[in-house]
Every structure is written in C-alpha cells, then in structure tokens.
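Engineer: starting from these lines, generate the structure:
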Amino acid sequence: MNNDAPSPSTRKLVTRQAGSLSLALWHDGTTPDEHGGYRQRYAYRIAHATVPGLVPHDGRDIHSGVGASVDTLTGMGTLVTFLSAAADAYRYQMSHPLSAPENLDLFPAWVTEAAYLNSDELTMLAFDLEHPDKPGAVEPTTVDAPPIAPPDPTAANDGPAWPPGRFYTVVFVQDEEGHAIVDLLQEQGTQAAIDHLAQWDFGSETLEAALFNKYYHAQVPHYAGTHEATDGPYVLTYQPGLGTVHLLREFPTEAPGGWPGRYTGLTSPTPVNRPAAPRQPPHASRSTRPLPPRPTGHDPDHGLSL
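Structural biologist: Numbers count the residues shown, from 1 in each chain. Okay, the predicted model is just below:
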C-alpha cells in the first residue's frame, strides 16, 4: 500500500478565518518515521484577507503523531498553535528588541506580524477547534485538494521561475471610488465595470509595476462575500457591501526582458526605465452617475502576447 497517495475520500479541506488571516489545510500524504511507522502530513495555505498584494504562504510541514489517522481538524489546530507561538515570539521581541525568540522565524515576516495582530482571533479559533461538537461547528468538506508542488532544486541557480504567480493586479479600489464602481456594475453589469477598470491597464507598464511591487497572486484572492467575473485575461472580484473592487490579469507566457534580476533586487533597475505605479481611477462618490466605459479602440496590451 502506498501511504503517500491518499484516496480522494481522505482529502478533507478545512478552511477557517482568524481575523484578517484566511487559513486552509488539507491532507497531503504521509511521511515515514525513523522507527518504521509513519506520520500524516498536511499542506496548508495562509492568505491575508485585507492586503491584496501579499502572495499567500504555502507549506506542507504539519505532521501528526506516529500512526495517527487522518484528522484535518487536528491538523488545523496544530497550524493555529504554530501561528500563536509565532505571535508570542513577535510580542516578546517588541519588548526585548535585542532578543531572538525561537519561534520568530516559523513563518514569513508578514505572517508572523499578522498572527500577532490577530492573536485574540487565533485564541478563539483554537478554542473552537478543540470543541468541534459544539452547535454551529463547521464540518470539513471532501474535495480534491491539489498538493503543493515541492521546491524546484534548480531555483537557487536559475532564479525565480516565470511567472511568479498566475494573476497580477491591474487596479484595486475601495471606499468611495470602490462603491462608485460597484454602482456601475449593478446598473450596467460586470462587463461595463471590467471595461471601465481596464482603462488603467497600460500593458507592459502595468505588468512591470506589479512585478516591482510584488502585486501578484498564485490564485484569485477570495474572501467572505467575494463575487467574481471574468472577461478574457481579466478577472474582476468585488465585495458590494465593503466597496472593494480588484481587477486582475493573467500573466503572459513570456517573461519580460530583465526577469528576474531587474524585478527582484538581484540587479539594480535603471531609474529612467522604471515604470510608474498603476494609475488610480479618479475620485467618485456614490451619488455621481456611473463612470463611462473605456474608450473604443483602447488597446491595453501594448504589444503583449498572451
């Protein structure tokens, strides 16, 4: 029997929210134990629900005790425990700047800081996971959760692979500007909203700005209440109640010249060639008329081939 290839019935995906942290965890096979047994292995994804530019953190280093059966709720509890430990280390270092707490580097810096900022929510989530039978508890669902690909051993020599994600940000609007786009969307449809926001897609300039600022994503960011619409290479997500609107575009198949050094700090970019950040839509209020769609004949590609 191949313990490293679990049947689909054991691939139970658990998703939970802890403040601004979105957590997902699923069974990812088994890892042999040095004494001849095995441990269940779980993969996970940590995303930030309020900062669209952050790439989610993926891992596959959560393990059960030797010989334990698959239990994704317990695996999620272990992940929450690690996040709480990282938050405690962050809190301790703020009070002792010269210290180097053991758990400070369990996760990337943004995850550790977010765990600290959501410490109370993590504590509440840990309690809920310890009492899965209480009324209102959410059961894990059975899905075909894709395993996270192992690191490429050649990446250290060849640099980051292309593309760095599947989608990059064209424009993100919120507050009054976001509500104006939501009004346009509700009155004229998602196509009108996509056409309008695509005015701020300047082709290679927008792509380069996203690369410089790391505004790219492995998948379309989805949070509670998110709606999605697509049009060719574009993906529009929006939350009507919050007035947040995010237009993304798929990466082209070919990397731009200078990738990866010019965009990752391996080499210094020439200031005159550095693109401007994507322009933001003009200020709009909810009382204004819907903004017009992009002009006829506008070509956002600027020669890009998808």
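
Engineer: so where is the chain shaky, pLDDT-wise?
Structural biologist: Applying pLDDT under 70 to the chain picks out residues 1-11, 52-53, 132-160, 264-306.

Engineer: report the central residue of it.
Structural biologist: residue 56 (3.5 Å; Cα atoms, centre = their mean).

Engineer: you'd agree that residue is up against residue 44?
Structural biologist: No: counting by Cβ atoms under 8 Å, residue 56 stays clear of residue 44, with 9.8 Å between them. (Each C-beta comes from the backbone N, C-alpha and C, glycine too.)

Engineer: next structured bit after the lengthiest helix in the chain?
Structural biologist: Ranked by residue count, the top helix of the chain under DSSP state H comes out as helix 72-95. Downstream of helix 72-95, the next assigned helix or strand under DSSP states H and E is helix 109-117.

Engineer: on contacts alone, who are the packing partners of that following helix?
Structural biologist: strand 21-32, strand 38-48, helix 72-95 (3 or more Cβ pairs under 8 Å, 6 or more residues apart in numbering; DSSP states H and E).

Engineer: ok, now with 7 Å
Structural biologist: helix 72-95 (3 or more Cβ pairs under 7 Å, 6 or more residues apart in numbering; DSSP states H and E).

Engineer: next, the buried residues of the helix it packs on.
Structural biologist: 72-80, 82-90, 93 (16 or more other Cβ atoms under 10 Å).

Engineer: before we move on, the earlier item: bridged to the residue nearest to the residue nearest to the centre of the chain when sequence neighbours are not counted, which residues?
Structural biologist: In space, and not counting its chain neighbours, residue 56 is closest to residue 47: 4.0 Å by Cβ to Cβ, 6 or more residues apart in numbering. Residue 47 forms beta bridges with residue 22, as assigned by DSSP bridges.

Engineer: can you count the residues close to residue 47?
Structural biologist: The number of residues packed near residue 47 is 23, by other Cβ atoms under 10 Å.

Engineer: give the contact list for it.
Structural biologist: By Cβ atoms under 7 Å, 6 or more residues apart in numbering, the residues touching residue 47 are 22, 56, 221.

Engineer: I'd say the first one and residue 223 touch.
Structural biologist: Yes: here residue 22 lies in contact with residue 223, judged by Cβ atoms under 7 Å, at a distance of 6.4 Å.

Engineer: mind checking which of those two has more residues around it?
Structural biologist: residue 22 (20 against 17).

Engineer: tell me the contacts of that one?
Structural biologist: 47, 49, 223 are the contacts of residue 22 under Cβ under 7 Å, 6+ apart.

Engineer: how far away is the residue nearest to residue 56 from residue 238?
Structural biologist: 18 Å (Cβ to Cβ, to the nearest Å).

Engineer: over to residue 249?
Structural biologist: Distance from residue 249 to residue 238, by Cβ to Cβ: 16 Å.

Engineer: what of residue 223?
Structural biologist: 11 Å.

Engineer: and the helices in this protein, which stretches?
Structural biologist: Under DSSP H, the chain gives helices at 72-95, 109-117, 119-130, 155-158, 175-188, 190-197, 204-213, 261-264.

Engineer: buried residues, the third one. List them.
Structural biologist: Of the residues in helix 119-130, those scored as buried under the neighbour-count criterion (16+ other Cβ under 10 Å) are 119, 121, 122, 125, 126, 128, 129.

Engineer: TSV please, covering the contacts of residue 47 and showing distance to residue 262.
Structural biologist: As requested, those are exported to TSV (distance: Cβ to Cβ, whole Å):
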residue	distance to residue 262
22	32
56	25
221	26
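
Engineer: which of those lies closest to residue 34?
Structural biologist: Nearest to residue 34 among these is residue 56, at 31.7 Å by Cβ to Cβ.

Engineer: all good on my end, thank you.
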